[in-house]
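Chemist: What would the 3D arrangement of this be:
(chains A and B)
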Amino acid sequence: MSGAGNGRLLRRMLREEWRLHAELFGGRFAAFPVLVTAVAAAGCWLLTLTGTGLEAIAVGLHALVVFFGLQVGTIGLVGRDALRDVLGDVTLLVFSARTLPVTWRRLLATFLVKDLLYYSALFLLPLAVGYAVVAIEAGVPVARVALLWVTTAGAFTLGVGGSLTLAGIGTRSRAALLGIVAVATVAVVATNVDPVSFTPLAVYADPGVDTAIRGFAPAVVLATLGPVLFRPADTAGTRTAPDRYDSLRSLLGGDGVATRSVLEVARSSGSVWKVLFSMGVLFGVTALLVREIGRATPLDPSPGIAFGTLLGLGAFTTYSWVTSFDDASEYLRYPVSMADVFAGKRRAYLLLSLPAGLIYLLGSLYWLPPVEVALGAVVFPPVAVYVFGVTTYVTGLSPNELLFDTPLFAAFSAALAVVALPLVVAALVRSEMPTTATGIALGVAALAALVGVGLARRAGPRWQARTRLQ
Amino acid sequence: MTAIETSDLRKEYGDVTALSDLSLSVDDGELFALLGPNGSGKTTTIEILTGQLEPTSGTARVLGHDPVSDPIAVRRAVGILPEREDPPSFLTPREYLRFVADVREVADPDDRIAEWADRFGFAELLDTLSTDLSEGERQRVMLAQAFFHEPDLVFIDEPLVNLDPIMQAEVREHMIDYCERGNTLFLSTHFLEVAEQVCTRVGVVRDGELVATHDPRTLDDGEQLLDYFRREVGRPGGDASTASAEVTAAARAGDRSADVDEAATDGEDT
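Modeler: Numbers count the residues shown, from 1 in each chain, chains lettered A, B, ... in the order given. So this is what the prediction gives:
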């Protein structure tokens, strides 16, 4: 395909993405960038009230964007089956390698470029503008804000390219994937190399030609390697599977919905490893964030509360996995209530998310005091329960519809912020007020769990009624 | 005994009327099919009768249960196969039918799984991931789940879609046999030959209205169900009352033994 052909394909993919969101969410989706700007500005302002510096907030934004990029990059893990189940009978250009004279790799590479352009404009630019509202008022030069947009775009590329490359290696050899992750981890720990210096954040912290080359190169390399290494899951041919239903069902108390959900996660691309992977990413990003805030500000954040909070919030991704293959209308054919369906989803969600998060917390005993780890282990499960309650109540079985559905996204963000903000503040001030901060963290987590249980109970009747009226 | 009875069933979406005052009665042992153009209200009717959708007004009884106030009881009693629905991608047919057994509270399902897999020709595919089955193979699994708990009434939206000719013939025979044993089938289909060959009665819907019902076995020599169907819905711009009046006139003239629904002959919008 010629360069002009690539350009046409890219333009059509961009148009397709826009039409997909416009079709799914109607006119409401056009308001999404405005909402991101407002949330970013409000978040920055609230954090400055707690004494957090703008530089530390910029670090946090980079971490958030890397995480977002990693999630977007899991398109390689999700595959067409999940997309069909989530979006209905939708055919995207990226899956047209069998009918068009374009290779799978070229389609995926163009899809990647499309994602980078699309989300840089609709998500990262509003994020930078929201930051600018507070930063320029505080005397930060406009050039720094412009640099923030460029480096967050680089961070997004790093995230997307990173997860796609890891997924690509995983589709060829799981042993190789585990080996590479292990070697990278050991290299960072043993050689004392600072991994942040190989990210766009280093460019933001210290702009220069050398740092730019070192900071952006891994992002470019990973974004190139991802499409080259990835092999689509649907080329595997006819596959059989041993009957695992009964044995798993007995472990899950005879719950058919939970059994089916866990089997679907385990059998789909990435298996249960994708849960561990997304939790690991969140854990790593949180560890870097805590370290950078400690370096950039006089604060000494509590890693335990930070890990417990962010792993709990990140369990949203697990809910997304356990509902990836669901359509609420299917359950309306069976003699089960939506309350029963959500109860099954809760079992599957807790079974997958809690061990995955707790493994990382246990691993942190290597460098954290046991008290901090214990604090994280106590905060994490209640926050995960709260996230489940909020997500089921607001989105039902379609958590992915949060993306670009502005009213849903606003309601969801506000509900999470109500719990996340006091926990983040408690984490930031625990070194100054240990007893008070610990009490606040434990109290907020316990209250959140109660609210989460209540919301989850209401989600069944709410979605039962909604689905039957549609 | 009456398996299904509806009275003035209506479904509106804003200004759009998807179903208009449907009054219908289907007896035990009937093989009833709704015929109609795309968007005429066939799927909406099935979704309301099976408790998946609430009507805007009107009442219904399905095997003695009210699908509005007690949808779970209806769904427990009937089998349902919607159009274009596949078994879960990452479960095998065996595991999916075990799941169906769980939610339908069928104990010891192994023998039933083997029996239905054999009947619908997917015994050798029981341990294949559903995502790797062909469209026709998936449809066979979905047919099995609809009959799996041996209900007295099954609703099927397009029973033969994606099936090869041999399997189509076998499913036709199964449907006839199922109703001859006193069970009831309620179909929605575009396949006129299905209605012509297996159904004991068809209902024609147009723009959300039931315009007539008819026994396809009583067509005159040389007449096709397609002619009847065209007469009822095929005339662009025609309205239900005109079509119904023509059927009524034909019946009265005795030029064919049309079993026209009494309500339709009265010119009601059923």
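Chemist: quick one, helices of the stretch 101-250 of chain B?
Modeler: Under the criterion DSSP state H, counting those that start in this stretch, the stretch 101-250 of chain B contains helices at B:110-119, B:135-147, B:165-180, B:192-198, B:225-233, B:240-253.
Chemist: where's the residue nearest to residue B:57 when sequence neighbours are not counted, which helix or strand?
Modeler: Of all residues not flanking residue B:57 in the chain, residue B:10 sits nearest, at 4.7 Å (C-beta to C-beta, 6 or more residues apart in numbering or on different chains). For every residue, glycine as well, the C-beta is placed using N, CA and C. If you go by DSSP states H and E, residue B:10 is part of strand B:2-13.
Chemist: And that strand, what does it pack against?
Modeler: Applying 3 or more C-beta pairs under 8 Å, 6 or more residues apart in numbering or on different chains; DSSP states H and E, one finds that strand B:2-13 makes contact with strand B:16-27, helix B:42-49, strand B:57-62, strand B:184-189.
Chemist: so where's the stretch 101-250 of chain B shaky on pLDDT?
Modeler: For the stretch 101-250 of chain B, the stretches flagged by pLDDT under 70 are B:219-223, B:233-250.
Chemist: And the residue of chain B closest to chain A?
Modeler: For chain B, the residue closest to chain A is residue B:102, as judged by C-beta to the nearest C-beta, at 3.1 Å.
Chemist: mind listing what that residue touches?
Modeler: A:249, A:254, A:256, A:259 (C-beta atoms under 8 Å, 6 or more residues apart in numbering or on different chains).
Chemist: which two in those residues are spaced the farthest apart?
Modeler: The span of these, defined through C-beta to C-beta, is set by A:254 and A:259 at 8.4 Å.
Chemist: More neighbours: which of these two?
Modeler: Shown here are residue A:254 and residue A:259; by other C-beta atoms under 10 Å in any protein chain shown, residue A:259 has more neighbours (28 against 10).
Chemist: Run the chain-centre distance for the helix or strand where the more buried one lies.
Modeler: Assigning secondary structure by DSSP H and E places residue A:259 in helix A:256-267. Offset of helix A:256-267 from its chain centre (C-alpha atoms, centre = their mean, to the nearest Å): 21 Å.
Chemist: Could you look up the next helix or strand downstream of it?
Modeler: Next along from helix A:256-267, by DSSP H and E: helix A:273-296.
Chemist: That next one: how far from the chain's middle?
Modeler: With C-alpha atoms, centre = their mean, you get 12 Å for helix A:273-296.
Chemist: Could you do stretch A:155-169 as well?
Modeler: Using C-alpha atoms, centre = their mean, the offset of stretch A:155-169 from its chain centre is 13 Å.
Chemist: Same question for stretch B:71-82.
Modeler: Using C-alpha atoms, centre = their mean, the offset of stretch B:71-82 from its chain centre is 13 Å.
Chemist: do that stretch and chain A meet at all?
Modeler: Yes: remark: stretch B:71-82 sits within contact range of chain A at B:71-73, B:75-76, B:80, B:82, by C-beta under 8 Å from any C-beta of the partner chain.
Chemist: So which bits of that stretch are buried?
Modeler: Across stretch B:71-82, burial judged by 16 or more other C-beta atoms under 10 Å in any protein chain shown covers B:71-82.
Chemist: Which ones among the residues you listed lie within strands?
Modeler: Among the buried residues of stretch B:71-82, the members falling in strands (DSSP state E) are B:78-81.
Chemist: can you put those in TSV and add pLDDT?
Modeler: Listed next are those as TSV, based on pLDDT from 0 to 100:
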residue	pLDDT
B:78	97
B:79	97
B:80	96
B:81	95
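Chemist: out of those residues, what pair is the most spread apart?
Modeler: Farthest pair in these, by C-beta to C-beta: B:78 and B:81, 10.5 Å.
Chemist: helix, strand or coil for the residue nearest the centre of chain A?
Modeler: When C-alpha atoms, centre = their mean is applied to chain A, the residue found nearest the centroid is residue A:71 (4.6 Å). Under DSSP: H, G, I helix; E, B strand; the rest coil, residue A:71 falls in the helix class.
Chemist: picking that back up, describe which strands the strand holding residue B:10 pairs with in its sheet and in which direction.
Modeler: Note on strand B:2-13: by DSSP bridges, its sheet partners are strand B:16-27 (antiparallel), strand B:57-62 (antiparallel).
Chemist: which parts of chain B sit against chain A?
Modeler: Counting by C-beta under 8 Å from any C-beta, the residues of chain B near chain A are B:50-54, B:71-73, B:75-76, B:80, B:82, B:84-85, B:88-92, B:94-95, B:98-100, B:102-105, B:127-129, B:131-132.
Chemist: Restricted to buried residues, select the residues you listed in ChimeraX.
Modeler: In ChimeraX syntax, the buried subset of the residues of chain B next to chain A is picked out as below (16+ other C-beta under 10 Å):
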select /B:50,51,52,53,54,71,72,73,75,76,80,82,85,88,89,90,91,92,94,95,98,99,100,102,103,104,128,129,131,132
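Chemist: Restricted to strands, list the residues of chain B next to chain A.
Modeler: residue B:80.
Chemist: one step back: what is the orientation angle of the helix holding residue A:259 with helix A:273-296?
Modeler: Calculated by axes from the mean of the first three to the mean of the last three C-alpha atoms, to 10 degrees, helix A:256-267 forms an angle of 80 degrees with helix A:273-296.
Chemist: Now tell me what touches helix A:256-267 from outside.
Modeler: So helix A:256-267 is in contact with A:241, A:244-245, A:248-249, A:252, A:271-272, A:274-275, A:321-326, A:331, A:336, A:340-341, A:343-345, A:347-348, A:351-352, B:88-91, B:95, B:98-99, B:102-103, B:129, going by C-beta under 8 Å, 6+ apart.
Chemist: Give me the subset of these lying in helices.
Modeler: A:245, A:248-249, A:274-275, A:321-322, A:331, A:340-341, A:343-345, A:347-348, A:351-352, B:95, B:98-99, B:102-103 (DSSP state H).
Chemist: picking up where we left off before, as a markdown table, the helices and strands packed on strand B:2-13 with mean neighbour count would be great.
Modeler: Putting the helices and strands packed on strand B:2-13 into a markdown table (neighbours: other C-beta atoms under 10 Å in any protein chain shown) gives the following:
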| stretch | mean neighbour count |
| --- | --- |
| strand B:16-27 | 20 |
| helix B:42-49 | 25 |
| strand B:57-62 | 19 |
| strand B:184-189 | 25 |
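Chemist: Residue A:161: which of these is closest?
Modeler: helix B:42-49 (44.0 Å).
Chemist: From the contact counts, what lies against the closest one?
Modeler: strand B:2-13, strand B:16-27, strand B:31-35, strand B:57-62, strand B:153-157, strand B:184-189.
Chemist: Apply 7 Å and report the result again.
Modeler: Counting contacts by 3 or more C-beta pairs under 7 Å, 6 or more residues apart in numbering or on different chains; DSSP states H and E, helix B:42-49 packs against strand B:2-13, strand B:16-27, strand B:57-62, strand B:153-157, strand B:184-189.
Chemist: circling back to that earlier point, nearest to residue A:448, out of the buried residues of stretch B:71-82: which one, please.
Modeler: residue B:72 (32.0 Å).
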